[in-house]
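>>> Task: produce atomic coordinates for the following.
(2 chains)
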Amino acid sequence: MSNAILVLAEQVRGELSDITFEMLGAARALAQNTGVPVHAAVLGGEAAPLASKLGAADKVFVADAPQLNLAPADTLAAALKALLERTGAGLVFLGCTNVSLGVGSILAARTGLPLVNFCRALKADGTTLVCTSQLFGGKILADVKLGDSRGIVCLYPGAFPVDAGKSDKSPAVEKVDLPVEPPKVTFKQYLEPETGDVDITKQTVLVGVGRGIQTQDNVQLAEELAQALGGAVCASRPVIDQGWLPLSRQVGKSGMTVKPRVYFAFGISGAPEHWEGMQNSQCIIAVNTDPKAPIFDGAHYGVVGDALDLLPVLTEKVKARKG
Amino acid sequence: MNLYVLLKMVPDTVEELNVAADGKSLDAEFLRFKLNDPDEHALEQALLLKEKHGGKVTVVALDAPEVDDVLYTALAKGADRAVKIPISQAALGTIATAKVLTDFFRSPGRQITPDTLLLPGSYAIDDLEGELAPLLAAALNLPFVGVVCGVTAADGKVLVRKEFAGGLRAEFEVALPAVLGIQSAEKPPRYVPVAKVRAVMKSAKIEEADLSPPDRPMHLEIERAYKPEAAGHAQILEGPPEEVADKIVEVLAKNSVI
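As a prediction, this is how the structure comes out:
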């Protein structure tokens, strides 16, 4: 049995991300059943002031070496390995995020601990930890057992409640010097998000388009609906990668997180990377030709059909209704 | 530059996926395979780098259904060499795949040179055991950056752009040789006409690399695989477009957006 659960707090520019609290909440729930303590590690020059926000942990380890800011995955993995050796923790939680991608794989390679990726649920079964991971874009779930509850688990954002990892308690904080491997990768600069003509995070209605929109010309059909509704068009990754819409319109893992009153998903399958960015919309209306598209599992309303047939008709109806 | 693109075939999730009788793996019967999306971008990024800075692009893949088509397509797009490793990808987890590819890069004539850049996709949809790029970087002791969306080369180094969240990106400098997990190329992957692929199939050859299969195909044991039981399901609006549109307008009104 692992002596402790170690959660790597995730922060960018001195701000803790939601995934940090999701992981702490998941660790807390597990700790309640197994009695093992929850440790959090916060690394980098901006780490110290963040420790007090991690009250859901029993103990917070702060390594405030500035070289650990946005450090490459291997440098972070080396620091975590040293912390594991020091504390005896054998279960590590990392965010399944762009920020932490690679840290778990390298830590697994260096420690020999098994790694379970894309995890969305955890359950203790005696001393064994059962992890449920989503594979193939969320179409299949797989249960994997970690014997002795030892391993590295990458938790999928949005799968665990944020509030469960927030606490007003003051955690015990210990400053630690962790080894800083000479980095083979050097941070140069931030590239700020493109400021587009519209801020999609501030819209009441978003008309999202995905692969199913088929061509750049068809994006105009969505644009017309958005205009009729006083909203904006946004998109999942494949549409952005095609260059059909600017980066400022991307919703999902690398893009924006949006919570409009109404979110349309036209031709969007609902892969986890997209779902992550729009799951908290108040009302989700999905239109897809595939009746088994995962988007229908989470949407409030669904239409099984071709977005291209529906869009012009819907735009006209909206215009008529608005008069 | 000596550019290697590592290509992986994955089940096409547009098709229905079913669990096999063993309750642990995918039913292969109706499975269709396609190139992992980020890998297609890795190929495009390699071709862009070659066009700008010169060099050679080699595409490497383990054996999988339809992989020959993908390798020939890569050659038609401008890759110089295509290598197939005749070990089936199907039963291998990421750790075993990384082991095979590590052996590949340690085999005679394929060693990493000071100007080598390995370009796998940033992730694959079946990366249960972790991602290939960092595992390969760890095994070959090379620098690694993932979620890369742009690469510029200069003086034996590359400047790479990595995506964070909310549109934020950061630029990192990486000395070669290195492994970069590509999320998206600077331009959309190029299209190549089928006729050109057919012509390449006649003139070019896929090389084969002879390597031993890994001892342990999977490092994690899947206890049970199953389709997710949706917590809820959308209320389906049925009818011809006119009727459906009317129903949606009611929903919009109910949500006070019109």
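
>>> what's around residue A:124, how many residues?
16 (other C-beta atoms under 10 Å in any protein chain shown). (Glycine included, C-beta is placed from N, CA and C.)

>>> Kindly report the same for residue A:258.
Close neighbours of residue A:258, defined as other C-beta under 10 Å, add up to 22.

>>> Please tell me I have it right and it contacts residue A:278.
Yes. Contact criterion C-beta atoms under 8 Å: residue A:258 and residue A:278 qualify, at 5.4 Å.

>>> Give me the common contacts of those two.
Common neighbours of residue A:258 and residue A:278, using C-beta atoms under 8 Å, 6 or more residues apart in numbering or on different chains, are A:206, A:251.

>>> What are the boundaries of the helices in chain A?
A:18-34, A:73-87, A:103-111, A:216-229, A:237-241, A:272-278, A:295-298, A:307-322 (DSSP state H).

>>> does the residue at minimal distance from the centre of chain B belong to a helix or a strand, and which?
In chain B, the C-alpha nearest the mean C-alpha coordinate belongs to residue B:39, at 2.9 Å (C-alpha atoms, centre = their mean). In the assignment (DSSP states H and E), residue B:39 maps to helix B:37-53.

>>> Alpha carbons of whatever helix or strand comes next after that helix, as CSV, please.
Downstream of helix B:37-53, the first helix or strand assigned by DSSP H and E is strand B:56-63. Only the C-alpha atoms of strand B:56-63 are listed here, as CSV (Å, rounded to 0.1, in the frame of the first residue of the first chain):
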residue,chain,number,x,y,z
LYS,B,56,15.5,14.0,-45.3
VAL,B,57,12.1,12.8,-44.0
THR,B,58,11.8,9.1,-43.0
VAL,B,59,8.4,7.8,-42.0
VAL,B,60,8.4,4.7,-39.7
ALA,B,61,5.5,2.6,-38.6
LEU,B,62,4.8,-0.7,-37.0
ASP,B,63,2.6,-3.2,-38.9
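
>>> Counting neighbours, show which residues of strand B:56-63 come out buried.
Across strand B:56-63, burial judged by 16 or more other C-beta atoms under 10 Å in any protein chain shown covers B:57-62.

>>> which sections of the stretch 1-150 of chain B are below the confidence cut-off?
Applying pLDDT under 70 to the stretch 1-150 of chain B flags no residue at all.

>>> Run through the residues that contact residue 182.
The chain I'm using is chain A. Listed by C-beta under 8 Å, 6+ apart, the contact set of residue A:182 is empty.

>>> Please refer instead to chain B.
Residue B:182 neighbours (C-beta under 8 Å, 6+ apart): B:38-39, B:41-42, B:45, B:119-122, B:148-149.

>>> Same list, the residues you listed, but as JSON lines with distance to residue B:206 please.
As requested, the contacts of residue B:182 are exported to JSON lines (distance: C-beta to C-beta, whole Å):
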{"residue": "B:38", "distance to residue B:206": "22"}
{"residue": "B:39", "distance to residue B:206": "17"}
{"residue": "B:41", "distance to residue B:206": "22"}
{"residue": "B:42", "distance to residue B:206": "18"}
{"residue": "B:45", "distance to residue B:206": "22"}
{"residue": "B:119", "distance to residue B:206": "19"}
{"residue": "B:120", "distance to residue B:206": "19"}
{"residue": "B:121", "distance to residue B:206": "20"}
{"residue": "B:122", "distance to residue B:206": "25"}
{"residue": "B:148", "distance to residue B:206": "27"}
{"residue": "B:149", "distance to residue B:206": "29"}
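
>>> which among those residues are in contact with chain A?
For chain A, the contacts drawn from these by C-beta under 8 Å from any C-beta of the partner chain are B:41, B:122, B:149.

>>> which stretch of helix or strand covers the nearest residue to the second one once chain neighbours are set aside?
Nearest residue to residue B:122 in three dimensions, chain neighbours excluded: residue B:181, at 3.8 Å (C-beta to C-beta, 6 or more residues apart in numbering or on different chains). Following DSSP H and E, the helix or strand that holds residue B:181 is strand B:178-182.

>>> which residues sit against whichever helix or strand comes after that strand?
Per DSSP H and E, the first helix or strand lying C-terminal to strand B:178-182 is helix B:194-203. The contact list for helix B:194-203 (C-beta under 8 Å, 6+ apart) reads B:69, B:72-73, B:75-76.

>>> If we go by neighbour counts, what in the helix or strand residue B:250 falls within is buried?
Here residue B:250, judged by DSSP H and E, is contained in helix B:241-254. Within helix B:241-254, the residues scored as buried using 16+ other C-beta under 10 Å are B:241, B:244-245, B:247-249, B:251-252.

>>> list the contacts for residue A:205?
Applying C-beta under 8 Å, 6+ apart, the residues near residue A:205 are A:226, A:229-232, A:260-264, B:252, B:257.

>>> if you set the cut-off to 7 Å instead, what comes out?
A:229-231, A:260-262, B:257 (C-beta atoms under 7 Å, 6 or more residues apart in numbering or on different chains).

>>> in chain A, which residue is closest to the centre?
residue A:157 (3.2 Å).

>>> got the residues of the stretch 1-150 of chain A near chain B?
A:12, A:70, A:72-74, A:98-99, A:101-102, A:104-106, A:108-110, A:114-118, A:133, A:135-145 (C-beta under 7 Å from any C-beta of the partner chain).

>>> Residues contacting stretch B:86-101, please?
Contacts of stretch B:86-101 (C-beta under 7 Å, 6+ apart): B:6, B:8-9, B:62-64, B:85, B:127-132, B:135-136, B:139, B:208, B:211, B:213-214, B:216-220.

>>> Separate out the buried members of these.
B:6, B:8-9, B:62, B:64, B:85, B:127-132, B:135-136, B:139, B:211, B:214, B:217, B:219-220.

>>> Those also near chain A: which ones?
Okay, of the buried ones among the contacts of stretch B:86-101 touching chain A (C-beta under 7 Å from any C-beta), that's B:127-131, B:135, B:139, B:219-220.

>>> Tell me the one among those residues nearest to chain A.
residue B:130 (3.5 Å; C-beta to the nearest C-beta).

>>> ok, the residue lying closest to the closest one once chain neighbours are set aside - contacts?
Closest residue to residue B:130 apart from its sequence neighbours, by C-beta to C-beta, 6+ apart: residue A:105 at 3.5 Å. Contacts here follow C-beta under 7 Å, 6+ apart; on that basis residue A:105 touches A:115, B:130-131, B:134-135.

>>> Tell me the confidence at residue A:105?
At residue A:105 the predicted local confidence, pLDDT, stands at 98.

>>> With residue A:46 instead?
According to the prediction, residue A:46 has pLDDT 89.

>>> So it versus residue A:63, what's the distance?
Relative to residue A:63, residue A:46 is positioned 12 Å away (criterion: C-beta to C-beta, to the nearest Å).
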